[in-house]
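Participant: build me a model:
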Amino acid sequence: MTDGLLALTAGDVRLAIDPAQGARFTSLIVGGQELLVTEGYGPIRWGCYPMAPFAGRIRDGRFTFRGVNHELPQNLPPHAIHGTVFERAWEVMGPGELAIDLGEAWPIAGRLIQRIDLHEDGLDASLTLLADEAMPVSMGWHPWFRRHLTGSTAHPTPASPPVELAFDAATMLERGADGLPTGRLSVPGPHPWDDCFTGVRSAPRVTWPGILELELTSTADYWVVYDEPVEGICVEPQTAPPDFVNLAAAAGKEPPIAAPGRPTRVAMAWRWRDLSGSA
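Facilitator: Numbering: from 1, shown residues only. Here you go, the predicted structure:
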C-alpha cells in the first residue's frame, strides 16, 4: 500500500487500485503509457470500477423481487446506476484481493470479493458475490480507456492517434427514449453507441495505432459500449443488461439469482500487445 493505494507490478506494468474509491483501478501504465482516464465527473466517469449487485441503471430506482417492492437511491436521477459498491471504501484482504458488504442502499445482505492478478502482458480479475439470502444480481466492470495516449504524469509524450474500437456482436438491445432497454432486440446500429449488446462474436479490442492493442474477454454474456465523443471510451462486460430485474419481471421470468451456497461469479481478462516495435 502506498498513499492508500494498492499497487501491483509486473515488469514495467503498474496497476494502482484505490480501496477508498470503490476498489477501482485508478491507473494502469503499460510501456510508459497511461491507459485509463484518471479523473472525471464524479465517481462515474474515470478509472475502472466494479459494478454490483446491479450493473447499469435500474429504472426509477425501483424493482420488485419475489413479491417485495424495493427502492434504491437515485444516484443518477431519476434512476439508480452501477450498484452500491463503486463509491464506497473496500477492505484490503491481501495482495490483489478486496472485499465489501453490499451496504445499506441494497435491501438484501451480501458480500462482494474482487481479485486481481497482474501480468506483464495483461491482467485477470474476478468478482464473487456471496448472498446471505436470495437476491437478484448483475455484476461487471466499467473501464474508461483513454481516447488518446499521452504517456504518463511522470513522462508525458505527444498525443497518440485516437483509439480504435473493434467490436462485433450479433444483437443489440433496443434502447428506449429514457436510455434503458425496452426488452426488444435489434441488429446493431451505427456509432456512436451507448448500448448493450449480446452474442459477441469475437473478443472486443481497443487499439491505439502504432502503440498498443488491448483485447478484452469475459465470462459475462452482455457488453455495454459507450463511445460518445468524450474523453474516453467504455467497453463493459456485465452478467445481465441494464434494468435487468425489471426486464425479467416484464417478461414473467426471474432474474439471475445469487443465494446462500450459490454465489455468483464473473471473470474478466485484459491482454495487451505492443505495436511500437520497441518491446
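
Participant: what's in contact with stretch 36-50?
Facilitator: Under the criterion C-beta atoms under 8 Å, 6 or more residues apart in numbering, residues 18, 21-28, 76, 81-83, 85-87, 112, 114, 127, 139-146, 230-232 lie in contact with stretch 36-50. Backbone N, C-alpha and C define where each C-beta goes, glycine included.

Participant: average pLDDT across the helix or strand hosting residue 112?
Facilitator: Here residue 112 sits within strand 110-119, counting by DSSP states H and E. The average pLDDT within strand 110-119 is 98.

Participant: before we move on, what about stretch 248-263?
Facilitator: On average, stretch 248-263 scores 96.

Participant: still on that earlier bit, and the strand holding residue 112, which strands flank it?
Facilitator: Sheet pairing for strand 110-119, assigned by DSSP bridges, gives strand 97-101 (antiparallel), strand 122-131 (antiparallel).

Participant: make a markdown table from those and add mean pLDDT to it.
Facilitator: Below are those laid out as a markdown table (pLDDT from 0 to 100):
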| stretch | mean pLDDT |
| --- | --- |
| strand 97-101 | 98 |
| strand 122-131 | 98 |
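
Participant: among those strands, which is nearest residue 188?
Facilitator: Nearest of these to residue 188, taken as C-beta to C-beta: strand 122-131 at 26.3 Å.

Participant: give the other helices and strands that the helix or strand following the closest one contacts.
Facilitator: Using DSSP H and E, the helix or strand that follows strand 122-131 in sequence is strand 135-136. Packing partners of strand 135-136 (3 or more C-beta pairs under 8 Å, 6 or more residues apart in numbering; DSSP states H and E): strand 62-65, helix 244-250, strand 257-258.

Participant: neighbours of residue 251, just the number please.
Facilitator: As a burial measure, residue 251 scores 10 neighbours (other C-beta atoms under 10 Å).

Participant: surely it meets residue 183?
Facilitator: Yes: contact status for residue 251 versus residue 183: in contact at 6.5 Å, counting by C-beta atoms under 8 Å.

Participant: so which of the contacts of stretch 36-50 sit within strands?
Facilitator: 18, 24-28, 81, 112, 114, 127, 140-143, 145-146, 232 (DSSP state E).

Participant: with adjacent residues omitted, what lies nearest to residue 20?
Facilitator: Spatial nearest neighbour of residue 20, excluding adjacent residues (C-beta to C-beta, 6 or more residues apart in numbering): residue 89 at 4.7 Å.

Participant: where does residue 158 sit: helix, strand or coil?
Facilitator: coil (DSSP: H, G, I helix; E, B strand; the rest coil).

Participant: what sits against it?
Facilitator: residue 150.

Participant: please tell me how far it sits from residue 207.
Facilitator: 18 Å (C-beta to C-beta, to the nearest Å).

Participant: are any of the contacts of stretch 36-50 buried, and which?
Facilitator: The neighbour-count test (16 or more other C-beta atoms under 10 Å) marks 18, 21-28, 81-83, 85-87, 112, 114, 127, 139-146, 232 as buried among the contacts of stretch 36-50.

Participant: please work out how many residues are found near residue 93.
Facilitator: Close neighbours of residue 93, defined as other C-beta under 10 Å, add up to 12.

Participant: so it sits against residue 113, correct?
Facilitator: Yes: with contact defined as C-beta under 8 Å, residue 93 reaches residue 113; the gap is 7.4 Å.

Participant: so what's in contact with these two at the same time?
Facilitator: residue 99.
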